[in-house]
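K.L.:
model this:
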Amino acid sequence: MASLKISSVLSSSISSSSSSKRMIKSSFHIPKLPKSLSPKTKPSRKLFEELNGFTHTIPIIIQENDHSSSNNSPTPSKTTIQLYAILESVSDRIEMHQNIGEQRDNWNTLLLNSINMITLTASAMAGIAAVSGPGAPLLALKLSSALLFSASTGMLIIMNKIQPSQLAEEQRNATRLFKSLESHIETTLALGKPSEVYIMETIEKVLALDKAYPLPLLGVMLEKFPQKYEPATWWPSKNSSRKTNKKFESNEIREKGWKKNGWNEGLENEVKDVLEVMKRKDMEDYERLGNLVLKINKTLAIAGPLLTGIAAVGSTFVSQGSWTSMVPLIAGALATAVNSFEHGGQVGMVSEMYRSCGGFFQMMQNSIQDNILEEDEEQRENGELFEIKLALKLGRSLSQLRDLARKSAYSRVEGTTVDEFASKLF
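P.N.:
You can find the predicted model right below:
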């Protein structure tokens, strides 16, 4: 009789499991404890029934033919995998530029202190030689002073050639730009599937940054003393074949108030007016200051080794009671002052800062022109988003940006100049 019951139960369970899923319901006794139960309180019949009753039924669903839960997760696309690989390379470059930047900043401090100590020691030896009597001590002091001045001259030439403070600023700028690219990539991955075009553009941006801020010194180091000030360029060039005349010939399509992809005629005029202020105020001012700092840095870079070289030659003619004994002392003191002002004041870093700021405004100009000259509005960046980005990059609110555009338009009509800069950050 028991075997018949077991077989009937098995046959009914097999017939009911025709699908790939089956549900098993099990019940657990979960007692509901009272909020407060003192030893003196006598448990009631209701409490007894709650402690022994079936209060909850928890369904358990068992998924058949499911080897692992990871099989249900969506497979990443090819472009997503490629973008993750690019992100790893960008993170590695950030680490490299940070480490090398710290190293080159240490170079500036150590070389400055070493050269100044050598120069001052050589000057002290030349002064002692001038008051000492003739003989072997005088010759030893003269030779030691000349050798130290010569060593200081050679070290200064190398230091002025590579400009460690400028190199450290280059690495800081590269770190900041690579971090910006890293955050942009992470945002793209969080928003959705990247496109093939975005992958190629990101690779071009990485290579452009590598070219703008190289890591090695030999062969590819940036020119520290160019003929004239040139803004930094860290973005890929776009060889687009746009025809600007067609942009303004389609008057029958573009009407006043017409809007597409966040753009309209008023927004285009606004960004054009802001661009005019950037050209006439910010970019011209940074070009003027960049050329001035470049000339000062060139002068100091020549004056330091020249003074230590004069001191090295003058120290060989030091003698008691001779006016030539003053030459190495004065030249050594001036060389120390010039060297401290150039590298202690980090004039090379200031020059690179102006070069980077000029590059920032050049990039803003290219971004505005690329969007305005694009005939297909759908291919542009969203107009409202672009306006917000432009305002934030210039350190302004939207209302301040529009006020600046109105001032630029009025000044163009009246023939005056705007009395403020476009950017409030730099």
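K.L.:
now the end-to-end length of stretch 215-231.
P.N.:
Length of stretch 215-231, first residue to last, Cα to Cα, to the nearest Å: 19 Å.
K.L.:
Repeat that for stretch 127-147.
P.N.:
Start-to-end, stretch 127-147 (Cα to Cα) is 15 Å.
K.L.:
So what touches it?
P.N.:
For stretch 127-147, the surrounding residues in contact (Cβ atoms under 8 Å, 6 or more residues apart in numbering) are 122-123, 125-126, 312-313, 315-316, 318-320, 322, 325, 328-329. Heads up, the C-betas are built off the backbone N, CA and C, glycines and all.
K.L.:
Could you pick out the longest helix of this structure?
P.N.:
Across the chain, the helix with the greatest residue count (assigned by DSSP state H) is helix 78-131.
K.L.:
Which helix or strand lies directly C-terminal to it?
P.N.:
helix 136-162 (DSSP states H and E).
K.L.:
So which bits of that following helix are buried?
P.N.:
Across helix 136-162, burial judged by 16 or more other Cβ atoms under 10 Å covers 138, 141-142, 144-146, 148-153, 155-156, 159-160, 162.
K.L.:
mind showing which ranges of the protein have poor pLDDT?
P.N.:
1-74, 133, 136, 238-259, 321 (pLDDT under 70).
K.L.:
all helices for it, in order.
P.N.:
2-16, 45-52, 78-131, 136-162, 164-191, 196-212, 244-247, 265-277, 284-315, 326-339, 347-372, 383-393, 398-414.
K.L.:
Just the angle for the third one relative to helix 196-212, thanks.
P.N.:
Calculated by axes from the mean of the first three to the mean of the last three Cα atoms, to 10 degrees, helix 78-131 forms an angle of 10 degrees with helix 196-212.
K.L.:
and the longest helix of the chain, how far out from the chain's middle?
P.N.:
A distance of 19 Å separates the centroid of the chain from that of helix 78-131, by Cα atoms, centre = their mean, to the nearest Å.
K.L.:
re the thing from before, Gln227: which of the helices of the chain is closest?
P.N.:
Gln227 sits nearest to helix 284-315 of all the helices of the chain, at 9.3 Å, using Cβ to Cβ.
K.L.:
And the closest one, what's buried?
P.N.:
285-287, 289-290, 293-294, 296-298, 300-301, 303-312, 314-315.
K.L.:
now that helix against helix 78-131, angle please.
P.N.:
40 degrees.
K.L.:
Double-check Arg380 against Ile368; I have them as touching.
P.N.:
No. When contacts are counted by Cβ atoms under 8 Å, Arg380 is not listed as touching Ile368 (10.9 Å).
K.L.:
Enumerate every residue touching the residue nearest to Ala208 when sequence neighbours are not counted.
P.N.:
Residue nearest to Ala208 in three dimensions, not counting chain neighbours: Pro236, with 4.5 Å by Cβ to Cβ, 6 or more residues apart in numbering. Contacts for Pro236 (Cβ under 8 Å, 6+ apart) come out as 201, 204-205, 207-208.
K.L.:
can you put the helices of the chain in JSON lines and add distance to Ala232?
P.N.:
Shown next, in JSON lines, are the helices of the chain (distance: least, Cβ to Cβ, whole Å):
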{"stretch": "helix 2-16", "distance to Ala232": "74"}
{"stretch": "helix 45-52", "distance to Ala232": "77"}
{"stretch": "helix 78-131", "distance to Ala232": "15"}
{"stretch": "helix 136-162", "distance to Ala232": "18"}
{"stretch": "helix 164-191", "distance to Ala232": "8"}
{"stretch": "helix 196-212", "distance to Ala232": "6"}
{"stretch": "helix 244-247", "distance to Ala232": "26"}
{"stretch": "helix 265-277", "distance to Ala232": "19"}
{"stretch": "helix 284-315", "distance to Ala232": "10"}
{"stretch": "helix 326-339", "distance to Ala232": "27"}
{"stretch": "helix 347-372", "distance to Ala232": "3"}
{"stretch": "helix 383-393", "distance to Ala232": "16"}
{"stretch": "helix 398-414", "distance to Ala232": "25"}
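K.L.:
Residues touching stretch 293-303, excluding its own?
P.N.:
By Cβ under 8 Å, 6+ apart, stretch 293-303 touches 160, 163, 224-226, 228-229, 338, 341-342, 347-348, 350-351, 354.
K.L.:
if you set the cut-off to 10 Å instead, what comes out?
P.N.:
For stretch 293-303, the surrounding residues in contact (Cβ atoms under 10 Å, 6 or more residues apart in numbering) are 156-157, 159-161, 163, 166, 224-230, 334-335, 337-339, 341-343, 345, 347-355.
K.L.:
if we can go back for a sec, give me the distance between the residue nearest to Ala208 and Gln320.
P.N.:
67 Å (Cβ to Cβ, to the nearest Å).
K.L.:
for Ser183, same thing?
P.N.:
Ser183 is 69 Å from Gln320, by Cβ to Cβ.
K.L.:
Gly345 too?
P.N.:
Gly345 is 38 Å from Gln320, by Cβ to Cβ.
K.L.:
Overlap of the contact sets of Arg380 and Ile368?
P.N.:
Phe386.
K.L.:
Give the burial count for Asp376, as a bare number.
P.N.:
Neighbour count of Asp376, defined by other Cβ atoms under 10 Å: 8.
K.L.:
for the one 3 residues further on, same thing?
P.N.:
For Gln379, the count of nearby residues is 10 (other Cβ under 10 Å).
K.L.:
tell me the contacts of the nearest residue to Leu87 once chain neighbours are set aside?
P.N.:
Distances taken as Cβ to Cβ, 6+ apart place Ile185 nearest to Leu87, at 5.0 Å, with adjacent residues excluded. By Cβ under 10 Å, 6+ apart, the residues touching Ile185 are 83-84, 86-87, 90-91, 194, 198, 202, 205-206.
K.L.:
Pull out the buried positions in stretch 122-136.
P.N.:
Here stretch 122-136 shows 122-123, 125-127, 129-130, 132 as buried, counting by 16+ other Cβ under 10 Å.
K.L.:
Glu352 and Gln346 touch, don't they?
P.N.:
Yes. Applying Cβ atoms under 10 Å, one finds Glu352 in contact with Gln346, separated by 9.4 Å.
K.L.:
how close does the residue most central in space within the chain sit to Ala212?
P.N.:
Note on the chain: the residue nearest the mean C-alpha position is Arg176, at 1.5 Å, using Cα atoms, centre = their mean. Taking Cβ to Cβ as the measure, Arg176 falls 12 Å from Ala212.
K.L.:
which residues are in contact with both of the two?
P.N.:
Ser356.
K.L.:
in stretch 403-421, what's buried?
P.N.:
Within stretch 403-421, the residues that qualify as buried are 404-405, 407-408, 411, 418, 421, counting by 16+ other Cβ under 10 Å.
K.L.:
That'll do, ta.
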